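Engineer: let's see this in three dimensions:
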Amino acid sequence: NAFYKIQFTRQGVITSLWDKRTGRECVKAFDKLYCNDLGSGSGNEGDTLRIENRGSVSATLVASSYKPVKHISKLTLFEHNDRIELENYLLQNPDAKPITYSFSFNLQNPSTWHEEAGAILLAKTTAKGGHYADTANRVDWLAMNHFAALTDTNSSFTVSNRDAYFMKTGKSSVTQLDDSTAHIKVMATAQVDNALGIVNQDGDDYFENFFALQPRSGNFSAGSSMRFSLEHQNPLVAARITGGRAYDAKQFSLFSVPDSNVLVWATKPAEEGISNGLILRLWNFSPANKQVVLNAAAGIEKAFSTTHIETGDTMLPVKAQQLQLAVGHHRMNSYRLFLRQGSTTGNQ
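Structural biologist: The predicted model follows:
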């Protein structure tokens, strides 16, 4: 497409990813492993590549191979979007052998960032400015959650992850964290400890792992990586709506926050029901405290700060149907909101 030129093998491996915008190669093999690589490297044994879809918006290639395990991999590029989508299907039982997808990038002196539960961590020890303990730690498998991003001073690569839970950086071991290699292995199936865990995946022989890639110029941005991952993993569903003019036909946002580092993390009815307001969670991905303005399409009538379990409400001042909020660095805050009576949200 207009963004990339990609070499995709019959085994579903990206051996070259040329970014046309920057004129650089994004993939660099590590231990002869490339991107979306189950272990075959540049091998090309498998069925002839098949075009599943060739449309005006996107195109999808399908690779099918029995090496190194039986699997199907799909690669999708878009006409007006720089996302690279990967769908992977494992079609055999691993027989206790760990199966991982490798991603190797062309970076110099890289750092790896990833999402833990409620935090974005730098995969280095505290002695090196990271977030992992220097001693008494286990660092062979790190949580991956929504994404991992590998970056140097000039560029970064975000790997959005829909299905897997853990990843390994470079040649990390139980006690040694490899923090200087532009390579991660994403766990598809494994029994990490021979004495613990589910033996042979309880006989399952079908596994899905969906990823998306995005090269970016410049330094790592947690907000941008998370937004990219959410767009990939929670796609909008299009449908025709009839019977009224309450919503703008071209654009509608229930809530909006102008700061790109502060994301609306969740929106839901209160646990006691919609009559007790809407619960909104904001996550500040920046290392700096943020003063943000929260807008609602219908206007905000009343607002309270609350805990994540929706207790201990404290009333907040509402000015011109907007909220002026202070969100601490890396913090996630919850709010209980009441929108204007008779608004298009149906809130009363």
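Engineer: pretty sure residue 201 is in a helix, no?
Structural biologist: Yes. With DSSP: H, G, I helix; E, B strand; the rest coil as the criterion, residue 201 is part of a helix.
Engineer: nearest spatial neighbour of it, skipping sequence neighbours?
Structural biologist: residue 189 (5.3 Å; Cβ to Cβ, 6 or more residues apart in numbering). Yep, even glycine has a C-beta here, placed from its N, CA and C like the rest.
Engineer: so the one you found touches residue 95, yeah?
Structural biologist: No. Applying Cβ atoms under 8 Å, one finds residue 189 not in contact with residue 95, separated by 9.8 Å.
Engineer: so for the two, which residue has more residues nearby?
Structural biologist: residue 189 (21 against 10; other Cβ atoms under 10 Å).
Engineer: what sits against the more buried one?
Structural biologist: 90, 94, 98, 99, 201, 207 (Cβ atoms under 8 Å, 6 or more residues apart in numbering).
Engineer: I figured residue 11 hits residue 43, correct?
Structural biologist: Yes. With contacts counted by Cβ under 8 Å, residue 11 reaches residue 43, the gap being 5.8 Å.
Engineer: out of the contacts of residue 189, who's nearest residue 29?
Structural biologist: The closest of the contacts of residue 189 to residue 29 turns out to be residue 99 (Cβ to Cβ; 19.1 Å).
Engineer: report the contact partners of that closest one.
Structural biologist: Contacts of residue 99 by Cβ under 8 Å, 6+ apart are 38, 69, 90, 187, 188, 189, 190.
Engineer: after the helix or strand of the chain with the lowest mean pLDDT, next one along is what?
Structural biologist: Here the helix or strand of the chain ranked lowest by mean pLDDT, DSSP states H and E is strand 255-256, holding a mean of 92. Per DSSP states H and E, the first helix or strand lying C-terminal to strand 255-256 is strand 262-269.
Engineer: quick one: strands adjacent to that next one?
Structural biologist: strand 278-284 (antiparallel) (DSSP bridges).
Engineer: related to what we said a few turns ago, and residue 11 and residue 43? Which one has more around it.
Structural biologist: residue 11 (26 against 17).
Engineer: next, the contact list for that one, please.
Structural biologist: 38, 40, 43, 44, 45, 46, 63, 65, 67, 73.
Engineer: quick check: closest non-adjacent residue to the first one.
Structural biologist: Translated: residue 38. residue 68 (5.5 Å).
Engineer: cool, and the last one?
Structural biologist: Using Cβ to Cβ, 6+ apart and skipping the chain neighbours, the partner closest in space to residue 73 is residue 12 (2.6 Å).
Engineer: distance check, residue 335 against residue 307.
Structural biologist: Computed as Cβ to Cβ, to the nearest Å, the residue 335 to residue 307 distance reads 11 Å.
Engineer: higher neighbour count, the two?
Structural biologist: Counted by other Cβ under 10 Å, residue 335 and residue 307 do not tie: residue 335 has more neighbours, with 21 against 11.
Engineer: what are the contacting residues of stretch 216-223?
Structural biologist: Contacts for stretch 216-223 (Cβ under 8 Å, 6+ apart): 21-22, 111, 113, 120, 149, 151, 153-158, 224, 260-263, 285-286.
Engineer: which stretches of this protein form helices?
Structural biologist: 222-233 (DSSP state H).
Engineer: where does pLDDT dip in it?
Structural biologist: Flagging of the chain using pLDDT under 70 yields the residue ranges 342-348.
Engineer: swap in 80 and give it another go.
Structural biologist: Applying pLDDT under 80 to the chain flags the ranges 96, 192-197, 241, 244-250, 341-348.
Engineer: for it, which strand extends over the most residues?
Structural biologist: The single longest strand within the chain, with elements called by DSSP state E, is strand 207-217.
Engineer: and the residue nearest to residue 73, how many neighbours?
Structural biologist: Residue 12 has 28 neighbours, counted by other Cβ under 10 Å.
Engineer: quick check: it touching residue 68?
Structural biologist: No. Judged on Cβ under 8 Å, residue 12 makes no contact with residue 68 at a distance of 11.1 Å.
Engineer: who touches both of the two?
Structural biologist: Going by Cβ under 8 Å, 6+ apart, residues that sit against residue 12 and also against residue 68 are residue 38.
Engineer: give me the residues contacting stretch 130-144.
Structural biologist: For stretch 130-144, contacts defined as Cβ under 8 Å, 6+ apart pick out 114-117, 119, 121-127, 161, 164-169, 172-177, 179, 186-187, 192.
Engineer: for it, buried residues please.
Structural biologist: Residues of stretch 130-144 classed as buried by neighbour count (16 or more other Cβ atoms under 10 Å): 130, 132, 139, 140, 141, 142, 144.
Engineer: from the residues you listed, which land in strands?
Structural biologist: Going by DSSP E, the strands hold residue 142 from these.
Engineer: let me know the closest of the buried residues of stretch 130-144 to residue 276.
Structural biologist: Among those, and counting by Cβ to Cβ, the member closest to residue 276 is residue 144, at 35.3 Å.
Engineer: distance of the closest one from residue 28?
Structural biologist: From residue 144 to residue 28 the distance is 21 Å (Cβ to Cβ).
Engineer: same list, the contacts of residue 11, but as CSV with distance to residue 1 please.
Structural biologist: Listed next are those as CSV, based on distance: Cβ to Cβ, whole Å:
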residue, distance to residue 1
38, 25
40, 25
43, 26
44, 23
45, 27
46, 24
63, 18
65, 24
67, 28
73, 18
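Engineer: only the buried subset of these, as a ChimeraX command please.
Structural biologist: Of the contacts of residue 11, the buried ones go into a single ChimeraX selection, burial set by 16+ other Cβ under 10 Å:
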select :38,40,43,46,63,65,73
